[in-house]
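K.L.:
give me a 3D structure for the following:
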Amino acid sequence: MNITNQIRADILVEALPYIQRFYGKTIVVKYGGNAMISEELQTKVMQDVVLMKYIGIRPVIVHGGGPDITEFLSRVGKQSEFVGGLRVTDAETATIAQMVLVGKINTQIVAHLNGLGVRAIGLSGKDANLLKAVKKMGEVDGKPVDIGFVGEVRSVNSRLLSDLIESGYVPVIAPVAVGDSGETFNVNADYVAGAVAGVLEAEKLLMLTNTRGLYRKFGDESSFISSISRTDIEALVSDGTISDGMIPKVQSALYALNSGTHKVSIIDGTQPHSLILELLTDSGIGTEIIE
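P.N.:
Numbers count the residues shown, from 1 in each chain. Alright, predicted model coming up:
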């Protein structure tokens with residue numbers, strides 16, 4: 001056997017115990033950030049999901065779409081504003097967000113997966129009341145701020161998801177929820193992913209971001225955190241080490257762990273095939289948050 005073939009064989013053998021470990025297990029993927037913008041990265045993410053499905057893993061995708069929403073809002077002359085990583089959402093913005101997330105991004109992901117040979121099905125939170133939500137307040141300097149039609153998930157129709165998964169489908173969920181009065185809520189996709197992973201008691205939640213993971217000092221590679229406990233990460237939030245757009249990701253990770261998810265990984269979605277590198281290799285590539 002030549003060196004190249006030996007390397008290929010070693011890679012496959014390294015993946016074997018992880019394939020055995022995750023076989024038949026549900027893994028939730030939060031898909032967003034720059035991994036959605038590049039067509040090349042989109043394809044690699046979808047290939048990873050298809051591979052997961054064909055080796056016996058049961059993937060569920062929750063996607064975002066912030067850059068697309070921002071772009072569309074700018075076309076109609078609306079400037080995007082954020083409070084604590086959450087988009088301020090008036091009624092018009094909520095309508096536009098729903099149109100972009102459900103009508104554009106969700107259908108694109110579903111079509112891509114179907115084209116690669118798996119049965120994917122697109123869902124919004126309004127389908128069979130998949131995601132019921134209440135109004136979520138923002139926070140500035142410790143004080144509550146009204147940020148409009150931004151929702152906080154209060155219930156997930158786990159029966160619907162379980163039925164689809166058992167029937168062999170890959171659910172693809174857009175983070176649009178419905179309120180008790182039928183109103184539309186724009187929900188941060190990180191929070192939706194945490195809620196879905198929790199209610200399904202997923203083996204793992206994989207959160208794709210634009211950075212390698214978590215740092216004790218952002219930008220300092222020597223401070224990169226490869227593994228951290230729930231208690232330690234709560235301390236990093238309290239002292240301000242983790243801030244801004246990373247807060248929803250960490251909060252959703254903690255919620256998922258509290259709700260029955262076994263592990264959460266925050267990984268760099270701009271690295272090709274980041275999902276299978278995190279799942280099926282000894283070293284992984286991101287920050288793993290554990291109990």
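K.L.:
and the closest residue to H262 other than its chain neighbours, what is it in contact with?
P.N.:
Distances taken as Cβ to Cβ, 6 or more residues apart in numbering put E203 closest to H262, at 5.3 Å, once the chain neighbours are dropped. Any C-beta I mention is one placed from the backbone N, CA and C, and that applies to glycine too. Neighbouring residues of E203 by Cβ atoms under 8 Å, 6 or more residues apart in numbering: F22, K25, T26, I27, T261, H262, K263.
K.L.:
could you dump the residues you listed into TSV with neighbour count and pLDDT added?
P.N.:
Converted to TSV, these look like this (neighbours: other Cβ atoms under 10 Å; pLDDT from 0 to 100):
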residue	neighbour count	pLDDT
F22	19	95
K25	15	97
T26	21	97
I27	24	97
T261	27	93
H262	15	91
K263	18	92
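K.L.:
related to what we said a few turns ago, distance of the residue nearest to H262 from V156?
P.N.:
Remark: distance between E203 and V156 (Cβ to Cβ, to the nearest Å) = 17 Å.
K.L.:
and if you look at V102?
P.N.:
17 Å.
K.L.:
which one's more surrounded, the two?
P.N.:
Counted by other Cβ atoms under 10 Å, V102 and V156 do not tie: V156 has more neighbours, with 23 against 20.
K.L.:
partner residues bridging the more buried one?
P.N.:
In this entry, V156 is beta-bridged to L131, by DSSP bridges.
K.L.:
residue boundaries of the strands in the stretch 151-291 of the chain?
P.N.:
Assigned by DSSP state E, counting those that start in this stretch, the stretch 151-291 of the chain shows strands spanning 151-156, 170-174, 176-178, 184-186, 204-209, 214-215, 224-225, 227-229, 263-268, 287-290.
K.L.:
in the stretch 1-150 of the chain, where is pLDDT below threshold?
P.N.:
By pLDDT under 70, the low-scoring segments of the stretch 1-150 of the chain are 1-3, 34.
K.L.:
how about the helices of it, start to end?
P.N.:
Applying DSSP state H, counting those that start in this stretch to the stretch 1-150 of the chain gives helices spanning 3-22, 39-54, 66-75, 91-98, 107-115.
K.L.:
include distance to G122 when you put those helices into TSV, please.
P.N.:
Shown next, in TSV, are the helices of the stretch 1-150 of the chain (distance: least, Cβ to Cβ, whole Å):
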stretch	distance to G122
helix 3-22	24
helix 39-54	14
helix 66-75	16
helix 91-98	13
helix 107-115	4
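K.L.:
can you tell me how far V28 is from R154?
P.N.:
18 Å.
K.L.:
so which of the two has more stuff around it?
P.N.:
For V28 and R154, the more surrounded residue by other Cβ under 10 Å is V28, and the numbers stand at 30 against 13.
K.L.:
spatially nearest residue to that one (excluding sequence neighbours)?
P.N.:
In this structure, V28 finds its nearest non-sequential neighbour in A197, 4.1 Å apart by Cβ to Cβ, 6+ apart.
K.L.:
how many neighbours does that neighbour have?
P.N.:
Number of residues near A197 (other Cβ under 10 Å) recorded here: 33.
K.L.:
how about it, what does it touch?
P.N.:
Contacts for A197 (Cβ under 8 Å, 6+ apart) come out as V28, L205, A256, S259, T261, V264.
K.L.:
with E234 instead?
P.N.:
In this structure, E234 makes contact with L254, judged by Cβ under 8 Å, 6+ apart.
K.L.:
repeat for L280
P.N.:
E14, A15, Y18, I19.
K.L.:
can you say which of those residues are buried?
P.N.:
Neighbour-count burial (16 or more other Cβ atoms under 10 Å) is assigned, among these, to A15, Y18.
K.L.:
in a markdown table, list the contacts of L280 along with distance to D239.
P.N.:
Listed next are the contacts of L280 as a markdown table, based on distance: Cβ to Cβ, whole Å:
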| residue | distance to D239 |
| --- | --- |
| E14 | 37 |
| A15 | 38 |
| Y18 | 34 |
| I19 | 39 |
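K.L.:
check the gap between P67 and N129 for me.
P.N.:
Distance from P67 to N129, counting by Cβ to Cβ: 28 Å.
K.L.:
meant to ask about V49
P.N.:
Applying Cβ to Cβ to V49 and N129 gives a distance of 26 Å.
K.L.:
ok, the two, which is more surrounded?
P.N.:
V49 (27 against 13).
K.L.:
got a list of what the residue lying closest to that one once chain neighbours are set aside touches?
P.N.:
Of all residues not flanking V49 in the chain, P59 sits nearest, at 5.2 Å (Cβ to Cβ, 6+ apart). For P59, the contact set (Cβ under 8 Å, 6+ apart) comprises T26, I27, V28, V29, V49, M52, K53, V170.
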